[in-house]
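Enquirer: Make a model of this:
(2 chains)
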Amino acid sequence: MITKTRCIPDGKKELKKLPVVMHTDAPYLYYPVTNARCPEGETCVRGGQFVKVGEVIGTRKGAFFEQPMHSTVSGEVVGYEKHVDQSGQLVDCLIIKNDFKYEVLETLTDRTEEEIEALTREELVQIVKDAGLVGLGGSAFPTYIKLATKHPIDVVLANGVECEPNLISDYALMMTKPKRVIDGLIYAMKAAGAKRGVIAIKKKYKEIKERLNFALNEYSGYDIQVVTVGNYYPQGWEILTIKDALGIKIPQKDLLAKHGVLNFNVSTLAGIEKAVRHRLPILERYISLSGDGIENKNFRARIGTLMSDLVELAGGYKDKEIPKVFILGGPMMGTNVTQDDIVMTHTTTSLIVQNQVELIEEPCVHCASCVYSCPVEIQPVQIMNAFKARDKDTIKMLEVDKCIECGLCSFVCPSKIHLTEYMRKAKSFAKK
Amino acid sequence: MQVVKNTSPYVRKDVSTKRMMIDVLIALIPVVFFSIYRFGWDALIRIVVSLVVMIGLEAVAFGIMHRAKRVEGRWERLKSRYETYTINNITAPAVSAVIFAMLLPSKLPIYAVIIGAAFAIIVGKMLFGGLGSNIFNVAAVGRIFIGIAVANMFTGTYVGTDLIAGGTALTAVRTGAGFPYVLNSYSLIDLFIGNVPGSMGEISALAILIGMVYLLIRRSADFRVVVSSLATFTILIFLAGLKLYPGQAFDFTLFHLLSGGLLFGVVFMVTDPVTSPITRPGRWLYGLLVGSLVVLIRLFGAYPEGMAFALLFCNMLVPLIDYPQWATNKFKPAFFIGFSVILITFALVVYFGVGGAI
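Expert: Alright, predicted model coming up:
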């Protein structure tokens, strides 16, 4: 009610209890040629060509970087089809027919400890670049650009907070493969020239803390700590995580590297480990299907799997007569898609299927819950009123561009006003 | 299977405006019960009249404000005006109506109740655009209107078991015996329990405090305005007490806290979110202004009681407090400086002003 809201029901407990189903051998795998950050792309394979695991099959081209595409299976290139990608848009996808042999490219041999030890900063950055790694926390920002910063870095933060409800893939990763996260963190520290590493997790994840600390016993030569931060939303927002885990206050829109900090999602770090040690791109990832409109299941699936296959494997939709809402990512900030024909990429963390609930907007009663709850301390209700009056100057005065669209204002509103949507509209209106 | 579009966030908190309104109604129950216990049918009739007038007129005004659709049949057209009519169009005027009734003396003529309730809901609320758009507290508008327009009707309507017929404890301080002697006829315990003459809902501090605890626990009222206005009031009245009756400053403070409409106003009227500022510092400031204005009106004004006036005056200042140029949810140094400057100014005015020093 009239109070700051930071805790939201997260539904993770139920999901964690579900077993993880392995689904790594889909007959056909799909690779989007373009994505939200890379509007252009080209493939470098022909139809009928045989490719192996880890082979480069094309390049996506962004504004200031290029990103290689890798095959995650061995098999034959069949052709192209249009499917929905992580951002909810219909994109061209390259199809590879799985031959179920999973032959790895001959050149992709594991590096030995000595080889890894001998890698220089530049080489590490190049490895990450070649692996096509992007931020797996949701930003999909190319990781090598962050690592290749010119600023001196003191500390690398592994962000395992995962504050969005219904997401447990980072949790599962830290629980099952803590060493990969720690190794990845060490490589990232080396690539960035940082002395210190910090892993930030939620306070309530005591089991993860124990597990990480136990794994850290073997790494006594490195300055790595596990730090717990609050169980709140949006605690995983990098600026809040850094503030609570390291005590460094970074103004919004400032480059993190300027303050000597780099922030990576734990999945990204595990990806770095894989690229450095095994010369492989990310081949598989955890993904969970949740929500009240679908049979809930956790999967470990190969990148390129079609989501509709996973839905079928999980047991299909519930209550088919009720209209559904499809969400990729978390329920607070996830992307809305209108079909389940989705290609799983390495940034896809979960699919949520909700039964639609009709909400009736009541008039605002100025309770100020949105103002109290806003993590960036702007005033959503005032911005909404200014936007309704199309008052550009006032919108700018109210600093709408600070908004991170975390969704808390809509979440807390007792009148069910969709404030976050007003914030987006006001943002684009103020830019015009 | 149908798939619909939506935008993030896809989950919402389990709260509603309806719940906030019903919480206020629940918090009013002890006060209402006490007034019915004390004044019997008089109280019940006035509450019901006020409820009927406010809910009915809001419904009528709602129909006039919404356009009818071009459909066949007079009845269908009338119904189409009420498509967006929700439970809040009943609970919100119900809250205003009960609060308004609680501000009245029990013997006030029924038609004065009707005039006040009608003026409050039409001029105070619906003319501004209905729920959420009014800038003045609805109940206070009605109370002030009849307080001024039909002032004669109020004389002799406060029922008490006392010699000073028709006056409240605060009028007794003004026109009757004066401060320490008033405690002989109205002891602090009586004031706390409500065994004194006065407006129906304002007399029992105990019933009001029960309601306050409920509201604050349910978070349907903001504790900031409550704490801020009560603290300011206590500090300023204590200062006045120190100057006027050095030996009885505590009694003086308690007497003022418990008498009149202060507690009721602070708990049920100042906390009205619609007419409050929307930032944390703004709400602290708002409480400060209400608290100090009540003190100023009580000590220097022409009325023995000043809650409703202070509230309406501060309602006018809300747009100023909320002006985007300086309104912020952060506690900046400017806020602390401004807050203490205002508080100290009022404290100096009160301390040197009482007793006719200036």
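
Enquirer: Near the residue in the stretch 101-250 of chain A that chain B sits nearest to, how many other residues are there?
Expert: Per C-beta to the nearest C-beta, residue A:165 is where the stretch 101-250 of chain A lies closest to chain B, at 6.9 Å. (C-beta placed from N, C-alpha, C; glycine too.) A count of nearby residues for residue A:165, using other C-beta atoms under 10 Å in any protein chain shown, gives 21.

Enquirer: who touches it in this structure?
Expert: Shown in contact with residue A:165 (C-beta atoms under 8 Å, 6 or more residues apart in numbering or on different chains): A:8-12, A:233, A:330-332, B:11.

Enquirer: Name only those of those residues that count as buried.
Expert: Among these, those classed as buried by 16 or more other C-beta atoms under 10 Å in any protein chain shown are A:8, A:10-12, A:233, A:330-332, B:11.

Enquirer: I'd like the residues you listed laid out as CSV, including distance to residue B:207, pLDDT and secondary structure.
Expert: Output for the buried ones among the contacts of residue A:165, formatted as CSV (distance: C-beta to C-beta, whole Å; pLDDT from 0 to 100; DSSP: H, G, I helix; E, B strand; the rest coil):
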residue, distance to residue B:207, pLDDT, secondary structure
A:8, 36, 88, coil
A:10, 40, 83, coil
A:11, 42, 84, coil
A:12, 44, 86, helix
A:233, 39, 86, coil
A:330, 46, 88, coil
A:331, 43, 91, coil
A:332, 42, 91, coil
B:11, 39, 91, coil
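
Enquirer: for the chain, what's the longest helix?
Expert: The chain I'm using is chain A. As assigned by DSSP state H, the longest helix anywhere in chain A is helix A:178-192.

Enquirer: let's do chain B instead
Expert: helix B:41-65.

Enquirer: For the contacts of residue A:165, give me a markdown table that also has distance to residue B:233.
Expert: Listed next are the contacts of residue A:165 as a markdown table, based on distance: C-beta to C-beta, whole Å:
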| residue | distance to residue B:233 |
| --- | --- |
| A:8 | 37 |
| A:9 | 40 |
| A:10 | 43 |
| A:11 | 46 |
| A:12 | 47 |
| A:233 | 38 |
| A:330 | 46 |
| A:331 | 45 |
| A:332 | 42 |
| B:11 | 41 |
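
Enquirer: ok so, going back, got the contact list for the helix or strand following the longest helix of chain B?
Expert: Heading C-terminal from helix B:41-65, the first helix or strand you meet, by DSSP states H and E, is helix B:74-81. For helix B:74-81, the surrounding residues in contact (C-beta under 8 Å, 6+ apart) are B:62-63, B:66-71.

Enquirer: tell me which of these is nearest to residue A:56?
Expert: residue B:69 (61.9 Å; C-beta to C-beta).

Enquirer: can I assume residue A:240 is in contact with residue A:375?
Expert: Yes. Under the criterion of C-beta atoms under 8 Å, residue A:240 makes contact with residue A:375 at 6.7 Å.

Enquirer: Name the residue in those two with the higher neighbour count.
Expert: residue A:240 (23 against 20).

Enquirer: Contacts only, for that one.
Expert: A:229, A:234, A:375.

Enquirer: Walk me through the domains of chain A.
Expert: A:13-104+A:282-355, A:113-278, A:369-431 (automatic domain parsing).

Enquirer: Save those as a markdown table, and put in distance to residue B:181 too.
Expert: As requested, the domains of chain A are exported to a markdown table (distance: least, C-beta to C-beta, whole Å):
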| stretch | distance to residue B:181 |
| --- | --- |
| domain A:13-104+A:282-355 | 63 |
| domain A:113-278 | 57 |
| domain A:369-431 | 47 |
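
Enquirer: Now chain B against chain A: closest residue?
Expert: For chain B, C-beta to the nearest C-beta, closest residue to chain A: residue B:9, 3.1 Å.

Enquirer: How about the secondary structure of that residue?
Expert: Of the three states, residue B:9 takes coil under DSSP: H, G, I helix; E, B strand; the rest coil.

Enquirer: tally of neighbours for it?
Expert: Neighbour tally, residue B:9, other C-beta under 10 Å: 27.
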